[in-house]
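Structural data only, the sequence is not supplied:
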């Protein structure tokens with residue numbers, strides 16, 4: 001059964017059609033991605049389905065509960081993060097208060113009716129997860145990297161933290177349909193992987209707009225592609241969609257070419273024989289020709305061409321960091337950072353949100369104070385790409401932005417900007433009104449003009465659509481200089497980098513290989529003691545650690561068994577409460593026993609969740 005359907009929908013923007021006759025359906029429990037180039041109308045289509053944008057034609061309808069995460073959610077709640085999460089399940093809090101009120105009534109004026117109400121409400125409260133609510137809140141906050149902000153006032157959170165809080169609230173509410181617009185923004189790699197696992201197991205339907213190909217490969221089984229005003233559905237994850245599209249494009253191109261040749265031959269025959277002895281055959285061919293319609297092959301009018309230039313060659317040693325530390329307001333972000341970058345290295349800088357990745361880049365640029373040694377090698381020229389685009393002005397136009405950093409003449413500037421997707425009147429747009437994707441492309445254009453041989457890139461794929469990300473990957477693969485990049489786009493990292501530098505408060509750890517190699521190494525560390533640490537330990541220490549690991553596994557199994565037994569006890573007590581009848585003394589005794597067991601069950605459940613994470 002469909003939970004969302006959209007039939008023949010069309011939306012206009014400034015009087016011009018953005019898309020027309022868009023139809024699709026999402027079934028209960030189905031997980032789908034909505035993809036397409038920047039400006040295709042993905043967010044507009046979602047908002048039209050939700051009734052927030054007027055449909056010029058067609059209809060859409062949602063059957064069941066839904067939750068929507070926009071790209072920039074607005075959170076205005078008061079109180080701290082944990083209280084904000086609790087209020088998201090105000091229905092359970094109200095139910096909990098009703099239970100307390102009934103308990104008071106049972107204590108003073110017990111009756112069969114009250115006992116029956118209490119038993120029914122208790123069953124309903126438990127079925128909806130009321131007893132595990134606080135444990136689930138802690139699990140979600142921890143998964144999305146907000147466990148440290150549980151007692152922080154909501155209004156004190158950063159923009160990225162508020163986005164993660166909005167996502168946390170949606171997951172806690174658990175609607176039948178979850179619509180997420182760029183949910184991976186502001187998430188570090190650990191949070192991304194946690195969210196992937198959570199959404200894979202999510203019982204409801206999902207509709208996700210995302211440019212994170214790695215994320216989509218692990219969460220969806222259907223792809224809806226919105227492009228050139230049309231929408232088409234494909235089965236499978238994103239990689240399977242790309243393969244189907246490539247085959248489809250090649251097949252259509254071949255068929256279009258074959259038909260084009262056939263039409264040309266018929267036209268030539270008709271032209272040569274229309275007035276001759278073969279005029280009858282020519283008329284037949286003309287009739288046949290009129291029935292043929294050329295196959296339209298979609299070709300982009302805005303093909304991009306990204307280049308990062310051919311900078312002067314640097315020395316072999318490009319960048320050396322020794323015992324670097326950065327602190328703010330008596331808080332140390334990290335210390336003891338060591339890094340030796342050599343010419344041609346392409347290194348990803350990973351770490352949890354807030355650990356100081358951007359601060360390290362700005363330290364290298366001498367934009368913020370640091371302690372320790374940061375030394376550039378011979379003939380090194382640094383070029384910086386900022387995720388916040390603070391190097392873009394807000395007063396002038398796109399043309400003005402390039403004029404200020406180059407000696408190119410206006411025709412040359414226009415030719416350069418065309419390579420980055422700015423054509424015709426686009427070059428006269430004010431930078432202040434550019435979209436996120438347009439700002440990213442303009443920043444990449446300026447990066448090209450800097451001709452640096454050491455690129456410091458801070459989330460360069462943010463706001464870029466799939467095709468543009470692919471072009472940037474190709475440009476970086478061909479780039480002969482050195483790259484240090486902060487990114488949570490794992491597909492991008494697998495394509496571009498050869499090393500991973502993991503930043504922690506205690507320093508920097510280097511892993512050889514791409515992101516997949518890094519992930520495998522981390523998984524091995526989670527299961528076993530790292531070889532280097534293992535070699536420094538005595539046999540007795542190893543045995544002790546193995547015993548501790550076995551003891552922890554045994555403890556978790558014991559907790560699982562205890563939870564099952566406590567659940568059975570609660571079920572038995574509920575039955576005895578229901579059959580207590582007018583024996584109020586027995587009912588009160590059973591009620592007290594029930595509350596004691598329930599409290600113990602919640603405590604054991606929380607302990608099990610904490611140990612399982």
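Structure's in. What do you need? Fair warning: this is a prediction, and the values are worked out from it, not measured in the lab.

going forward, measure contacts between C-alpha atoms and count neighbours the same way
Noted.

shaky segments in the stretch 501-613 of the chain?
Scanning the stretch 501-613 of the chain for pLDDT under 70 picks out 528-550, 581-582, 584, 609-613.

go again using 50 as the cut-off
Applying pLDDT under 50 to the stretch 501-613 of the chain picks out residues 530, 534.

ranges for the helices of it?
515-527, 531-535, 539-578, 584-612 (DSSP state H, counting those that start in this stretch).

which SS class is residue 33?
Secondary structure for residue 33, judged by DSSP: H, G, I helix; E, B strand; the rest coil, is strand.

Touching, it and residue 218? I think so.
No: using C-alpha atoms under 8 Å, residue 33 is not in contact with residue 218; the gap is 11.1 Å.

Looking at those two, which one has more neighbours?
residue 33 (27 against 15; other C-alpha atoms under 10 Å).

Tell me who's in contact with that one.
Listed by C-alpha atoms under 8 Å, 6 or more residues apart in numbering, the contact partners of residue 33 are 207, 208, 209, 210, 216, 220, 222, 223, 224.

In a markdown table, list those along with neighbour count.
Converted to a markdown table, the contacts of residue 33 look like this (neighbours: other C-alpha atoms under 10 Å):
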| residue | neighbour count |
| --- | --- |
| 207 | 23 |
| 208 | 24 |
| 209 | 24 |
| 210 | 22 |
| 216 | 24 |
| 220 | 22 |
| 222 | 23 |
| 223 | 25 |
| 224 | 22 |
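
from those, which two are the most distant?
Pairwise distances across the contacts of residue 33 peak at 13.2 Å for 210 and 222 (criterion: C-alpha to C-alpha).

Dihedrals phi and psi, the residue nearest to residue 89 when sequence neighbours are not counted?
Counting by C-alpha to C-alpha, 6 or more residues apart in numbering, residue 173 is the residue found nearest to residue 89 once chain neighbours are left out, at 6.6 Å. Backbone torsions of residue 173, given as degrees, to the nearest 10, read phi -70, psi -30.

cool, and residue 133?
phi -60, psi -50.

How many residues are close by it?
If we define neighbours as other C-alpha under 10 Å, then residue 133 has 19 of them.

now do residue 526
10.

Residue 285 touches residue 264, doesn't it?
No: counting by C-alpha under 8 Å, residue 285 stays clear of residue 264, with 11.6 Å between them.

Neighbour count for the two, which is higher?
When neighbours are counted by other C-alpha under 10 Å, residue 285 comes out ahead of the other of residue 285 and residue 264, with 19 against 12.

can I assume that one sits in a strand?
No: assigned with three-state DSSP, residue 285 falls outside any strand and is helix.

Could you pull up the contacting residues of it?
Residue 285 neighbours (C-alpha under 8 Å, 6+ apart): 266, 269, 270.

go on, residue 80?
150, 151, 152, 153, 154.

Quickly note the distance from the residue nearest to it when sequence neighbours are not counted to residue 377.
Among residues not flanking residue 80 along the chain, residue 153 sits closest, at 4.0 Å (C-alpha to C-alpha, 6+ apart). Going from residue 153 to residue 377 by C-alpha to C-alpha, to the nearest Å gives 45 Å.

Please apply the same query to residue 293.
63 Å.

Looking at these two, which is more packed in?
residue 377 (16 against 11).

Isn't the more buried one up against residue 313?
No: at 11.2 Å, residue 377 and residue 313 do not qualify as touching, with contact defined as C-alpha under 8 Å.

In the helix or strand hosting residue 280, which residues are buried?
Taking DSSP states H and E as the criterion, residue 280 maps to helix 279-291. For helix 279-291, the neighbour count (16 or more other C-alpha atoms under 10 Å) marks 279, 282, 283, 285, 286, 289 as buried.

coming back round to it: so which of the contacts of residue 33 are in helices?
residue 216 (DSSP state H).

Make a markdown table out of the contacts of residue 33 and add pLDDT and distance to residue 371.
Below are these laid out as a markdown table (pLDDT from 0 to 100; distance: C-alpha to C-alpha, whole Å):
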| residue | pLDDT | distance to residue 371 |
| --- | --- | --- |
| 207 | 96 | 47 |
| 208 | 96 | 43 |
| 209 | 93 | 42 |
| 210 | 91 | 39 |
| 216 | 94 | 41 |
| 220 | 95 | 46 |
| 222 | 96 | 50 |
| 223 | 96 | 49 |
| 224 | 95 | 50 |
